[in-house]
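K.L.:
need coordinates for the following:
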Amino acid sequence: MGGMTKLLDKPLRAFTIYAFVVLLCSIPVYFFMVDFIWIHEVNAHNQIVAESTKKNLRELKLSDAEAEEGIRLWNRLQPETRLVQTDRWRPDSTYNLYRKNKYILEKGYDRFQGLVTCFEMNGKFYSVTVESNVEESYETIAGITAITIAFFIILLFGFIKLNKRISARLWRPFYQTLEKIRVFDLNSQQTIDFEKNGIAEFDEMNTSINKLIASNVSVYRHQKEFIENAAHELQTPLAVVQSKIDLLFQNAEITGQQSELIGEIQNALSRVSRINKNLLLLAKIENHQFADTEELSMSELLHEILSLLSDFTEERSVKLRIADELSLKSNRMLVEIMVTNLLMNAVRHTGPDAKIDIRLEGRTLTVANTGTAALKPEKLFKRFSSASSQTPGSGLGLSIVKEICTRYGWNVEYRYLDERHIFAVTF
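P.N.:
Okay, here's the model as predicted:
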């Protein structure tokens, strides 16, 4: 899968980001709500204390002298909650302040919420101040935030575990279908049998895939049968035409111009014959008609093939380097065809006096030859496609190489480096 993201991870990631953003936005909301509730409750508490103080003072029915003495004593005992005489009645007011703690110095500053309210006693107006310490919102918010983050992590961890457990069970039919499609081989000409899983979407998907595969298998089978039958049927007329042309060419009465025309016809007929043979070979490879295998020594095989192709390579500098011995268990004819096609491809793409390097190292066979321009990788291994306009061929040589490599699970690749065409087969 590499660095790719799974489908089920996308909603989980979106949920995580959304939840984290909501968590961040909730912190200031927590702060303002908690602070508002505390201030409201403290004001209510101060109001109750103030009303109780006013009621108790009125019920005492103190004289002016007793009232002054009581107020003086009150202010000495409760300096933060003052009781003073005022010249007139004033509406209630509140205040909020920070004041250094005089009793516990290491605490620093404390926050207070105060209420100033007026009342009448003995025909005089008095104001009473009631203060209450307010717990710090910051400390409470920090605690609430820490608890919320802890629960968020627990919730997220639970979602991940549940997502994996549920998805493993829910998506099992999908992965079973995916695995069957992955190992499906069109050459086998067999359809895939999907099991019913009771999930409408997956059953519908499997039905659609089955129809698509059946259609492709049918088209592929008909195409292969047509190519194979056409190639077989062409063999006899091609051989007859070739023999007639040979007889005509041996006729002493033909002119030079006729001889030249006959030569061109022979060249074209030879090309058609090669295409016909290659098509038959491809059909046989696809039909697994080369089932026999044997242990092959690649170094011995390379020497034999180079010896057989000596007429084609005599004008070129061919260098064979074998760094490691390699033994393969495969069909000898197919390996010979693959190596021959690679070498003939190198010969066709190099002029006289050019260099061709063949190297066997590890489990990789490399065939390199000099060149002036890179070939077209997208057309290299396609049938009847020419990767270079300078060297026309049947367009099937490299297709056969690719088909043989696919047959055995080998990897063939092409690259152009340092003005050299390099074909590498990894066994």
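
K.L.:
is it true that Ile209 lies in a helix?
P.N.:
Yes - per DSSP: H, G, I helix; E, B strand; the rest coil, Ile209 lies within a helix segment.

K.L.:
per-residue confidence at it?
P.N.:
Confidence at Ile209, expressed as pLDDT, is 83.

K.L.:
contacting residues for it?
P.N.:
Thr177, Ile181, Ile192, Phe194 (CB atoms under 8 Å, 6 or more residues apart in numbering). For glycine as for every other residue, the C-beta is placed from the backbone atoms N, C-alpha and C.

K.L.:
Val335 now?
P.N.:
By CB under 8 Å, 6+ apart, Val335 lies in contact with Leu296, Met298, Leu301, Leu328, Ile404.

K.L.:
in helices, which of those residues fall?
P.N.:
Judged by DSSP state H, the subset of the contacts of Val335 located in helices is Met298, Leu301, Ile404.

K.L.:
closest to Ser132 out of those residues?
P.N.:
Ile404 (91.7 Å; CB to CB).

K.L.:
now the closest residue to that closest one other than its chain neighbours, what's its secondary structure?
P.N.:
Excluding the flanking residues, the one nearest Ile404 by CB to CB, 6 or more residues apart in numbering is Met338, at 4.6 Å. What three-state DSSP gives for Met338 is helix.

K.L.:
and Asn96, by the same measure?
P.N.:
Under three-state DSSP, the three-state class of Asn96 is strand.

K.L.:
got the confidence number for the nearest residue to it once chain neighbours are set aside?
P.N.:
Leaving out its chain neighbours, the residue that sits closest to Asn96 by CB to CB, 6+ apart is Gln113, at 5.4 Å. What the model reports as pLDDT for Gln113 is 84.

K.L.:
contacts only, for Gln113.
P.N.:
Ile39, Val42, Asn43, Asn46, Thr94, Tyr95, Asn96, Glu131, Ser132, Val134.

K.L.:
mind listing the strands the strand or helix carrying it pairs with, and their directions?
P.N.:
In the assignment (DSSP states H and E), Gln113 maps to strand 109-121. Here strand 109-121 has these sheet partners by DSSP bridges: strand 93-100 (antiparallel), strand 124-134 (antiparallel).

K.L.:
on that earlier part again, closest one to Ala239 out of the ones in helices among the contacts of Val335, please.
P.N.:
So of the ones in helices among the contacts of Val335, ranked by how close each gets to Ala239 (CB to CB), first place is Ile404, at 26.6 Å.

K.L.:
buried set for the helix or strand in which Ala142 is found?
P.N.:
Counting by DSSP H and E, the element that carries Ala142 is helix 137-170. Buried residues in helix 137-170, counted by 16 or more other CB atoms under 10 Å: Ser137, Ile141, Ile144, Thr145, Asn163, Ser167.

K.L.:
what is the nearest of these to Glu253?
P.N.:
Nearest to Glu253 among the buried residues of helix 137-170, counting by CB to CB, is Ser167 at 84.4 Å.

K.L.:
on that earlier part again, so which of the strands paired with strand 109-121 is the most packed in?
P.N.:
Compared across the strands paired with strand 109-121, strand 124-134 shows the largest average neighbour count, a mean of 18 (mean count of other CB atoms under 10 Å).

K.L.:
quick one: average pLDDT of that one?
P.N.:
84.

K.L.:
just the CA atoms of that strand, as PDB, please.
P.N.:
Included here for strand 124-134 are C-alpha records, laid out as PDB according to Å, rounded to 0.1, in the frame of the first residue of the first chain:
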ATOM      1  CA  LYS A 124     -30.000  57.100  59.600                       C
ATOM      2  CA  PHE A 125     -28.600  55.500  56.400                       C
ATOM      3  CA  TYR A 126     -25.800  52.900  56.600                       C
ATOM      4  CA  SER A 127     -23.900  51.000  53.900                       C
ATOM      5  CA  VAL A 128     -22.600  47.500  54.400                       C
ATOM      6  CA  THR A 129     -19.900  45.900  52.300                       C
ATOM      7  CA  VAL A 130     -19.800  42.100  52.000                       C
ATOM      8  CA  GLU A 131     -16.900  40.400  50.300                       C
ATOM      9  CA  SER A 132     -16.400  36.700  49.300                       C
ATOM     10  CA  ASN A 133     -13.200  35.100  48.000                       C
ATOM     11  CA  VAL A 134     -13.700  33.700  44.500                       C
END
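
K.L.:
show me what contacts the nearest residue to Lys124 once chain neighbours are set aside?
P.N.:
Among residues not flanking Lys124 along the chain, Gln85 sits closest, at 5.9 Å (CB to CB, 6+ apart). Applying CB under 8 Å, 6+ apart, one finds that Gln85 lies in contact with Ile71, Lys124, Phe125, Tyr126.

K.L.:
no further questions, thank you.
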